[in-house]
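Chemist: Kindly generate the corresponding structure for this input.
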Amino acid sequence: MNKILKVICVLILLVTSKSLFAQTVYYVATNGSDKNTGTSLIKPFATLAKAIKAVVPGDTIYLRSGVYVSSSTINITTSGTAAKHITLSAYKPDLNTTFNNNKPVLNYSVAFAKASSSERGIQLQADYWNIYGIMIDYAGDNGMNVSGHHCKIEFCTFSHSRDSGLQLNGEASSDSIINCDSYNNADMGLGTTSNGGNADGFSAKMDIGDSIYFRGCRSWGNSDDGWDGYLRPSTTSPQNNVSWAMEDCWAFANGYYWLDGTTTSSMNGNGFKTGGSDTKDLAHNCFMKKCLSFNNKANGYDQNSNAGTIAMYNCTSYGNLGASVFMASSVADSNYYPGSRLILVNNLSIGGTISTKTSVARPITSVNNLFSKTTTNSEILSFDTTGMRGARGIDGSLPILNFMRLNTTVTKPFTIIDKGVLLDTVMYHGSKGIPYLGAAPDLGCFESNYVIVTPVKLFSFSASAQKDGVTLNWNTSSEFNNKGWSIEKTTNPDAANWSTIGFIDGNNNGIQNNSYTYIDKNVVSAIYYYRLKQVDIDGNASYSNVISVSLQSDDLQLSVYPNPFGISSKISYTLTRNEKISINLYNSVGELVETIANEKQQAGTYHQLVSSKPLPKGTYYLSLIVGDKKSNLLLIKK
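Modeler: Next up, the predicted model:
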């Protein structure tokens with residue numbers, strides 16, 4: 001009997017050990033198979049749904065770049081824990097600085113035509129999930145719908161949905177949305193009856209819970225509002241006196257159909273709609289800090305019928321067709337939640353109006369604001385909005401442009417610069433106090449000479465074969481919080497066996513160009529792949545693209561960048577003497593795709609594109625023949 005009990009105990013331990021101890025990493029790729037183990041780069045799953053079914057608390061899913069066409073909602077119901085979140089992330093070495101950053105795309109164009117609430121992209125009903133670097137396109141309803149708690153959605157994109165790009169409801173609470181974009185979402189066209197009146201960029205509404213937080217997000221081109229916090233509880237005990245906050249968020253050009261620029265009376269077109277309810281007595285306390293609203297169809301910042309506290313600190317409004325700030329709703333005094341307030345401090349409006357309503361039940365604090373009806377001001381560097389839809393940094397940071405930033409070179413006295421009041425008790429980025437430079441805070445969302453930049457901006461990375469090894473060169477345009485660079489090498493870029501071969505300290509010297517060089521002398525005749533792991537002082541890390549170099553002989557020095565590549569890649573090779581060369585591109589089964597060069601060339605270094613025509617995704621082989629020497633290089637088209 002004791003032996004039987006021991007066997008049973010061992011079996012129980014084996015069954016439960018994965019959930020108790022293991023933290024598994026799964027990979028998903030467009031060239032994968034759901035028959036694979038999914039636990040390595042070279043044997044990934046093919047579908048995200050397969051990986052999601054496998055995870056337990058503490059696990060991670062890496063989704064490789066590419067387009068994943070799906071016809072059904074991906075439901076997430078397995079929760080993590082406070083100690084062991086579940087992570088779904090883009091594979092960071094795949095990301096770059098192009099528009100949408102080469103994120104993996106979940107494409108629901110099949111579901112798009114159905115326009116039904118059952119055709120959402122991702123339905124997140126679980127708690128303690130971190131989702132990073134995913135794009136959801138053409139969902140038939142919300143791109144993502146969140147009803148879980150303690151989740152973080154970061155660096156994601158939601159576009160062309162038939163309802164709000166990202167919606168939180170179902171009593172979702174304590175969720176954070178960081179550095180996300182939501183654009184061109186519209187409940188329009190075949191299968192819809194709402195004429196554009198529902199699809200916001202971001203919405204935390206209906207039966208939403210408490211403590212929803214947005215930071216660094218952009219919302220544009222949506223048929224209804226940029227942000228919407230309308231309350232319509234579905235339970236008999238309505239959600240009331242809940243809070244949400246936005247920091248460093250931009251809302252612009254909302255209230256129009258992205259396809260043709262038209263609008264209907266159903267499209268509200270506010271930048272930030274703070275709340276409201278059918279009964280006009282529910283409080284959705286809204287706290288906006290350093291937000292920007294411009295060129296929306298209606299109001300820049302709108303109370304609607306929110307019966308709670310609304311606070312605006314250092315926000316900017318420009319060019320909205322309604323009011324810059326509309327806080328004059330017809331909420332009855334008896335409907336305001338006890339203790340509600342309207343707080344307007346250090347705000348800036350150029351070319352618009354402000355409308356507020358005095359109420360004993362909701363007192364107003366209005367301090368150091370400039371609400372100007374004129375459309376120009378010499379302290380504004382630029383009113384040109386070009387680039388506001390542009391690519392984010394590789395870390396998800398917003399583009400840094402001149403639009404609505406402040407010009408400190410104008411003749412004093414200033415009307416915007418140094419005209420604010422200290423906000424040292426207001427929570428911002430998780431700490432007390434909104435930072436500033438100068439004698440006092442400036443008005444509006446952009447502090448003069450104070451730029452929160454990407455910690456490190458890497459703008460070039462190259463490798464060249466030399467007689468004494470491989471020389472790696474890379475350059476940065478800014479460095480903050482940079483501990484340094486870990487140099488990693490492999491002979492198989494699809495495997496997980498990258499080796500660290502060196503570390504170089506960062507310069508960490510602000511906004512200026514820096515150059516680095518590392519020589520790898522431990523090489524033989526082979527093809528090597530290199531990447532950089534940039535490590536912050538606080539321990540966070542990010543990866544560069546992968547580059548490759550061939551060391552076949554002194555006569556053959558071949559490299560390709562980037563590799564893997566998206567749209568195009570460039571061949572670089574060096575000839576040490578005049579020689580006839582041949583460069584051919586083959587597919588994975590050995591068929592000739594293209595002859596890139598076949599001629600006699602002088603000694604020197606040459607650069608040219610891998611192919612003159614579009615290539616399908618997959619594996620390719622590049623062959624360089626110089627005289628009687630041959631060099632082969634593996635290429636991956638994403």
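Chemist: Domain-wise, how is this protein divided?
Modeler: 21-162, 165-381, 454-553, 554-638 (automatic domain parsing).
Chemist: can you tell which of those is closest to residue 422?
Modeler: Of all the domains of the chain, it is domain 165-381 that lies closest to residue 422, at 9.5 Å by Cβ to Cβ. The way it works is simple: take the backbone N, C-alpha and C, and place the C-beta from them, glycine included.
Chemist: one step back: and the domains of the chain, which one's lowest on average pLDDT?
Modeler: Per-stretch mean pLDDT for those is lowest at domain 554-638 (a mean of 74).
Chemist: picking that back up, quick check: which of the domains of the chain is buried the most?
Modeler: Greatest average neighbour count among those goes to domain 165-381 (a mean of 22), per mean count of other Cβ atoms under 10 Å.
Chemist: Would you format the domains of the chain as TSV with distance to residue 431 included?
Modeler: Converted to TSV, the domains of the chain look like this (distance: least, Cβ to Cβ, whole Å):
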stretch	distance to residue 431
domain 21-162	18
domain 165-381	11
domain 454-553	14
domain 554-638	38
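Chemist: quick one: which of these is nearest residue 406?
Modeler: domain 165-381 (5.6 Å).
Chemist: who wins for proximity to residue 424 among the domains of the chain?
Modeler: So among the domains of the chain, domain 165-381 is nearest, using Cβ to Cβ, at 11.7 Å.
Chemist: and the host helix or strand of residue 500, which strands flank it?
Modeler: Per DSSP states H and E: residue 500 is located in strand 499-505. Its sheet considered, strand 499-505 pairs with strand 482-490 (antiparallel) by DSSP bridges.
Chemist: residues making contact with the strand it pairs with?
Modeler: Applying Cβ atoms under 8 Å, 6 or more residues apart in numbering, the contact partners of strand 482-490 are 455-456, 472, 474, 497-508, 516, 518, 520, 528-537, 541.
Chemist: Mind checking which of those are in strands?
Modeler: 456, 472, 474, 499-505, 516, 518, 520, 528-536, 541 (DSSP state E).
Chemist: Just the helices from the stretch 301-450 of the chain, written as ranges.
Modeler: Using DSSP state H, counting those that start in this stretch, no helices are found in the stretch 301-450 of the chain.
Chemist: Could you find the closest non-adjacent residue to residue 279?
Modeler: Spatial nearest neighbour of residue 279, excluding adjacent residues (Cβ to Cβ, 6 or more residues apart in numbering): residue 335 at 7.8 Å.
Chemist: Enumerate every residue touching that neighbour.
Modeler: 279-281, 307.
Chemist: so what's the residue positioned nearest the centre of the chain up against?
Modeler: The chain has residue 155 as the residue nearest its centroid, 2.0 Å off, counting by Cα atoms, centre = their mean. Shown in contact with residue 155 (Cβ under 8 Å, 6+ apart): 90, 101, 103, 132-133, 178-180, 392, 395-396.
Chemist: Quick check: phi and psi at it.
Modeler: Dihedral pair for residue 155: phi 60, psi 40, per degrees, to the nearest 10.
Chemist: For it, which non-adjacent residue is closest in space?
Modeler: Using Cβ to Cβ, 6+ apart and skipping the chain neighbours, the partner closest in space to residue 155 is residue 396 (3.8 Å).
Chemist: Tell me how many other residues crowd the one you found.
Modeler: For residue 396, the count of nearby residues is 20 (other Cβ atoms under 10 Å).
Chemist: isn't residue 447 right next to residue 428, touching?
Modeler: No: contact criterion Cβ atoms under 8 Å: residue 447 and residue 428 do not qualify, at 11.7 Å.
Chemist: Compare neighbour counts for these two and give me the winner.
Modeler: Shown here are residue 447 and residue 428; by other Cβ under 10 Å, residue 447 has more neighbours (22 against 19).
Chemist: Just give the closest residue to that one, not the sequence neighbours.
Modeler: In this structure, residue 447 finds its nearest non-sequential neighbour in residue 436, 5.2 Å apart by Cβ to Cβ, 6+ apart.
Chemist: who's in contact with that neighbour?
Modeler: Per Cβ under 8 Å, 6+ apart, neighbours of residue 436: 420, 422, 442, 447, 450.
Chemist: Tell me which two of those sit farthest apart.
Modeler: Using Cβ to Cβ, these span at most 14.5 Å, a distance reached by 422 and 450.
Chemist: now the helices: where do they sit in the stretch 101-250 of the chain?
Modeler: Taking DSSP H, counting those that start in this stretch to define them, one finds helices in the stretch 101-250 of the chain at 109-112.
Chemist: quick one: contacts for residue 433?
Modeler: By Cβ under 8 Å, 6+ apart, the residues touching residue 433 are 423-426.
Chemist: can I get these in CSV with neighbour count and distance to residue 224?
Modeler: Formatted as CSV, the contacts of residue 433 follow (neighbours: other Cβ atoms under 10 Å; distance: Cβ to Cβ, whole Å):
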residue, neighbour count, distance to residue 224
423, 20, 31
424, 9, 36
425, 8, 34
426, 18, 29
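Chemist: Can you add distance to residue 275 and pLDDT and give those back as CSV?
Modeler: Formatted as CSV, the contacts of residue 433 follow (distance: Cβ to Cβ, whole Å; pLDDT from 0 to 100):
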residue, distance to residue 275, pLDDT
423, 23, 96
424, 27, 93
425, 24, 95
426, 20, 96
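Chemist: Nearest to residue 46, out of the residues you listed: which one, please.
Modeler: The nearest one, if we look at those relative to residue 46 and count by Cβ to Cβ, is residue 426, at 47.9 Å.
Chemist: hang on, the closest one packs against residue 441?
Modeler: No: using Cβ under 8 Å, residue 426 is not in contact with residue 441, being 10.7 Å away.
Chemist: If we ignore the residues flanking it in sequence, what's nearest residue 604?
Modeler: Using Cβ to Cβ, 6+ apart and skipping residues adjacent in sequence, the residue nearest residue 604 is residue 575, 6.2 Å away.
Chemist: Next one: the one you found relative to residue 254, how far apart?
Modeler: Separation of residue 575 from residue 254 (Cβ to Cβ, to the nearest Å): 56 Å.
Chemist: what does residue 573 give?
Modeler: 50 Å.
Chemist: cool, residue 592 as well?
Modeler: Distance, residue 592 to residue 254, using Cβ to Cβ: 51 Å.
Chemist: just residue 309 next, same as before
Modeler: According to Cβ to Cβ, residue 309 stands 24 Å off from residue 254.
Chemist: ok, residue 578 - contacts?
Modeler: By Cβ under 8 Å, 6+ apart, the residues touching residue 578 are 600-603.
Chemist: how near is it to residue 559?
Modeler: In terms of Cβ to Cβ, residue 578 sits 21 Å off from residue 559.
Chemist: check contacts around residue 565.
Modeler: Going by Cβ under 8 Å, 6+ apart, the list of residues near residue 565 reads 610, 635-638.
Chemist: On the strand side of things, show who it bridges to.
Modeler: With beta bridges defined as DSSP bridges, residue 565 has these partners: residue 637.
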